[in-house]
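return a 3D structure for these sequence lines:
(one chain, ligands or ions: 4)
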Amino acid sequence: MLSKKDLVVAGLALLQGSLASLQIVPAATWTAAGTNQHVQAHGGGIIEVDSVYYWIGENKLNGSAFQSVNCYSSTNLVEWAFVGELLSRESSGDLGPNRIVERPKVIYNDATSTYVMWMHIDSSNYGEAKTGVAVSSSVCGKYNYLGSFRPLGFQSRDIGLFKDEDRSAYLLSEDRPNGLRIDRLTDDYTNVTSNTYLWPQHIEAPAIYKNDGVYFMFGSQLTGWATNDNKYSTATNLKGPWSAWADFAPAGTNTFNSQTTFILGVGKNVMYMGDRWLSSNLMASTYIWLPLTLSGTTATLTEEESWILSEQQPWTPSHTKTIPEAESPSNTLSKGAVILSCSGCSGGKSVGYLGGTSNGTLQFSGISSNDTTKTTVQVRYENGDTKQRYATVTVNGKSYVLAFIPSTNGNTPFSSTLNVELHAGDSNAITIRGYGEGWGPDVDCLVVPER
Ligand SMILES: *[C@@H]1O[C@H](CO)[C@@H](O)[C@H](O)[C@H]1NC(C)=O
Ligand SMILES: *[C@@H]1O[C@H](CO)[C@@H](O)[C@H](O)[C@H]1NC(C)=O
Ligand SMILES: *[C@@H]1O[C@H](CO)[C@@H](O)[C@H](O)[C@H]1NC(C)=O
Ligand SMILES: *[C@@H]1O[C@H](CO)[C@@H](O)[C@H](O)[C@H]1NC(C)=O
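Ligands and ions are numbered 1, 2, ... in the order given. Model (predicted):
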C-alpha cells in the first residue's frame with residue numbers, strides 16, 4: 001500500500017513529467033504566436049505581473065533604426081505570444097525615422113500605479129547619447145512618451161534599471177567619457193536625482209540583480225556588436241565599495257558568445273539573458289538565456305544546449321534526446337522534396353525543396369517519446385536566404401507555423417523550436433511542408449526530448 005508521502009512523490013513525478021518538459025534553447029529561432037516571426041525583443045528585459053512574464057525589447061525586423069518597442073507574454077518563459085507595440089514609430093521626433101531607441105526596460109512604480117520605461121535615445125550616429133522615458137498604466141499597453149535628456153547632464157548610451165526592495169529605483173547608464181553610472185531615480189521614477197556610484201571603467205549593457213543582500217552588477221566591455229568576456233562586480237551597498245570586475249563565464253568564450261541585457265529571478269533560479277547580435281541582419285540576432293548561479297559574491301554562468309526552468313524547482317539540463325534524421329529511409333518525401341548533401345548537417349545530408357508551388361513535403365514517422373507531454377522539439381535546418389523562411393509543421397494532426405531565421409553561421413545548422421504535445425510511444429507523426437507557396441528550410445534533423 002502506498003503511503004501519503006509516496007503518493008505526493010508520485011504526484012510530483014507526474015507533474016514533472018507532464019509539465020516540466022518545455023525547454024529554453026539558446027540561439028534558436030523562437031517563433032512568436034500572433035506574428036509567426038522570430039521574437040523581436042532584442043536588448044530587452046522581463047517584468048512579471050500577476051504570474052505572467054512580459055518580455056519587452058527592440059523590434060529589429062527592418063535593421064537598426066527604430067521601428068517599435070515590442071511586448072510579448074508567457075507564463076512559462078518558453079512559449080511567447082506577441083501582445084503589441086508599446087511605442088511605435090512616429091513621423092518625426094525621438095521616435096521618428098532613422099532614430100536609435102535601444103534597451104527599453106520597465107519597472108513598476110507602486111506609489112503612482114504606473115509602469116515606467118527607460119530607454120536609450122539617439123541619433124543614427126549615436127551623437128545625442130540621451131535617455132528617454134515613457135509611462136503607461138498597463139504593463140503591455142501603449143506607453144506615453146515623455147521625452148529625452150542627458151541624465152544629470154551626462155552622456156548616456158546603454159541603460160538598465162534596478163528597483164530595490166525598499167522601492168528606491170536606479171538608472172544604470174553608460175557615460176562614455178566618464179564610465180558606468182548608477183543614478184538614483186526620483187520617487188515617480190521619471191527623472192534622476194543624484195549619482196549613487198560611478199565606475200571609471202568602461203562597461204556597457206548594464207544589469208543589476210540582488211541576491212541574499214548582495215548586489216551584482218553585470219555588463220560587457222565595449223566591442224560594438226561583437227561579443228567579449230562580460231564582467232560582474234558586487235557590493236552590499238549600491239554606493240559601494242564595489243569589487244573589481246571579474247568574469248562570470250569562462251574566459252575566452254565571450255560569455256558564450258553573448259552580451260548581457262537582463263538578469264531575471266525565477267523562483268530560486270536566476271536566469272541570464274544575453275543577446276547574440278548579428279550586425280549584418282539584426283532581426284536574426286538570437287537570445288542566449290542561460291542558468292546563472294549566484295553564491296555569496298560569486299556569479300557563474302553555465303552553458304546548456306537546452307534546459308528546463310520552472311519557478312518551483314531548480315533548473316535542470318534537458319533530458320536525453322533522439323535525433324531523427326530528415327534523410328532517413330523510413331521517412332516519406334513527396335511532391336518534390338529531395339535529399340541534399342549538406343556538409344554541416346548530421347549524416348552529411350538534409351532534405352530540401354520543401355514547400356514551393358509543388359508543396360514539397362517531408363514526413364517523419366515513428367517519432368518516439370517516453371511520456372505524453374508538452375515538450376520542445378527542435379527542427380535543425382539551414383536557410384541560406386537573407387530573410388526568414390517559414391514552414392507548416394504538423395504534429396499528430398495539429399499544425400503550427402514555424403519561422404527559420406537565416407543560418408548565417410557557415411555550415412552549422414540552426415534550430416527552430418516547436419513547443420508541442422507528444423504521445424508516449426513511437427507513433428508520433430511529424431510532417432514539414434512550406435507555408436503558403438514559399439520555400440521552407442532545408443531540414444537536417446529533428447531533436448526530440450525522450451521525455
Ligand atoms: C525599413 O528601413 C528602410 C531603411 O531605413 C526604410 O526606408 C523603410 O521605410 C523601412 N520599412 C519599414 C516597413 O519600416
Ligand atoms: C529632471 O531633473 C533635472 C535635474 O534635477 C532637472 O533639471 C529637470 O528639469 C528635471 N526634468 C523634469 C522633466 O522634471
Ligand atoms: C500543401 O498540402 C497541404 C496538405 O495537403 C495543403 O493543406 C496545402 O494547402 C498545400 N499547400 C499548397 C501551397 O499547395
Ligand atoms: C526513455 O525510455 C528508454 C527505453 O525504456 C530508456 O532507455 C531511456 O532512459 C528513457 N529516457 C528518459 C529520459 O527517461
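
so what's the gap between stretch 186-193 and the chain middle?
Averaged C-alpha coordinates place stretch 186-193 at 29 Å from its chain's average position (CA atoms, centre = their mean, to the nearest Å).

try stretch 326-341
How far stretch 326-341 lies from its chain's middle: 32 Å, per CA atoms, centre = their mean.

tell me the buried residues in it?
Under the neighbour-count criterion of 16 or more other CB atoms under 10 Å, stretch 326-341 has 326, 327, 331, 333, 335, 337, 339, 340 buried. From N, CA and C alone the C-beta is placed, and that goes for glycine too.

among those, name the ones in strands.
Residues from these lying in strands, with DSSP state E as the criterion: 333, 339, 340.

and which of those residues is nearest to ligand 3?
Relative to ligand 3, the closest of those is residue 333; by CB to the nearest ligand atom it sits at 13.9 Å.

my understanding was that the closest one contacts residue 362; is that so?
Yes. If you go by CB atoms under 8 Å, residue 333 and residue 362 touch, sitting 5.8 Å apart.

so what sits against both of these two?
Contact criterion CB atoms under 8 Å, 6 or more residues apart in numbering; residues shared by residue 333 and residue 362: residue 351.

what mean pLDDT does stretch 43-59 have?
Taken as a whole, stretch 43-59 carries a mean pLDDT of 98.

in this protein, which residue sits nearest ligand 1?
Nearest residue of the chain to ligand 1 (CB to the nearest ligand atom) works out as residue 62 at 3.7 Å.

quick check: pLDDT value at that residue.
On the pLDDT scale, residue 62 is placed at 92.

angles on the backbone of the closest residue to it other than its chain neighbours, please.
Excluding the flanking residues, the one nearest residue 62 by CB to CB, 6 or more residues apart in numbering is residue 283, at 7.5 Å. In this entry, residue 283 is assigned phi and psi values of phi -60, psi -30 (degrees, to the nearest 10).

might one say that residue 283 is in contact with residue 60?
Yes. Using CB under 8 Å, residue 283 is in contact with residue 60, at 4.7 Å.

any shared contact partners between these two?
residue 40.

could you check whether the helix or strand in which residue 427 is found is close to ligand 4?
Using DSSP states H and E, residue 427 sits in strand 425-434. No. Strand 425-434 lies apart from ligand 4 when judged by CB under 6 Å from any ligand atom; the minimum separation is 10.2 Å.

near ligand 4, anything from the following helix or strand past that strand?
Downstream of strand 425-434, the first helix or strand assigned by DSSP H and E is strand 442-449. No. Using CB under 6 Å from any ligand atom, strand 442-449 never reaches ligand 4; the gap is at least 7.5 Å.

circling back to that earlier point, out of the ones in strands among the buried residues of stretch 326-341, which is nearest to residue 98?
Among those, residue 340 lies closest to residue 98 (CB to CB), at 40.6 Å.

quick check: bridge partners of the closest one?
Judged by DSSP bridges, the bridge partners of residue 340 are residue 350.

and it, what does it touch?
Residue 340 is in contact with 349, 350, 351, 352, 442, counting by CB under 8 Å, 6+ apart.

can you check the pLDDT for the nearest residue to the first one once chain neighbours are set aside?
In this structure, residue 349 finds its nearest non-sequential neighbour in residue 327, 4.1 Å apart by CB to CB, 6+ apart. The score at residue 327 is 98. That number is its pLDDT.

what does residue 185 give?
So, for residue 185, pLDDT stands at 98.

is it bridged to anything, and to what?
With DSSP bridges as the criterion, residue 185 is bridged to residue 192.

hmm, residue 191 and it touching each other?
Yes. Judged on CB under 8 Å, residue 185 makes contact with residue 191 at a distance of 7.0 Å.

so which residue is smack in the middle of the protein?
Nearest residue to the geometric centre of the chain (CA atoms, centre = their mean): residue 287, 3.8 Å.

show me the helices in the stretch 301-450 of the chain, by range?
Counting by DSSP state H, counting those that start in this stretch, one finds no helices in the stretch 301-450 of the chain.

okay, now the unreliable bits of it?
For the stretch 301-450 of the chain, the stretches flagged by pLDDT under 70 are 409-410.

tally of neighbours for residue 281?
By other CB atoms under 10 Å, the residues close to residue 281 number 16.

what about residue 283 and residue 60, which has more around it?
The residue with more neighbours, out of residue 283 and residue 60, is residue 60; 26 against 19, by other CB under 10 Å.

confirm that the more buried one sits in a helix.
No. Residue 60 is assigned coil when assessed by DSSP: H, G, I helix; E, B strand; the rest coil, not a helix.

contacts only, for it.
Counting by CB under 8 Å, 6+ apart, residue 60 touches 40, 42, 67, 282, 283, 285.

reformat those residues as TSV; add secondary structure and distance to residue 89.
Listed next are these as TSV, based on DSSP: H, G, I helix; E, B strand; the rest coil; distance: CB to CB, whole Å:
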residue	secondary structure	distance to residue 89
40	coil	13
42	strand	16
67	coil	6
282	helix	16
283	helix	15
285	coil	20
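
residues in the stretch 251-400 of the chain within reach of ligand 3, list them.
Residues of the stretch 251-400 of the chain lying close to ligand 3 by CB under 6 Å from any ligand atom are residue 359.

how about the residues of the stretch 251-400 of the chain near ligand 4?
Within the stretch 251-400 of the chain, the positions lying close to ligand 4 (CB under 6 Å from any ligand atom) are 319, 320, 370.

hmm, the first one is touching residue 447, no?
No. In this structure residue 319 lies outside contact range of residue 447 using CB under 8 Å: 11.3 Å.

of those two, which one has the most company?
Neighbour comparison, residue 319 and residue 447: the larger count goes to residue 447, with 23 against 17 (by other CB under 10 Å).

so which elements touch whatever helix or strand residue 108 lives in?
Residue 108 belongs to strand 99-109 when assigned by DSSP H and E. In terms of contacts (3 or more CB pairs under 8 Å, 6 or more residues apart in numbering; DSSP states H and E), strand 99-109 is packed against strand 42-49, strand 52-58, strand 81-88, strand 114-123, strand 159-163.

of the contacts of residue 60, select the buried ones using a PyMOL command.
Here is the PyMOL command that selects only those of these that count as buried (16+ other CB under 10 Å):
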select buried, resi 40+42+67+282+283+285
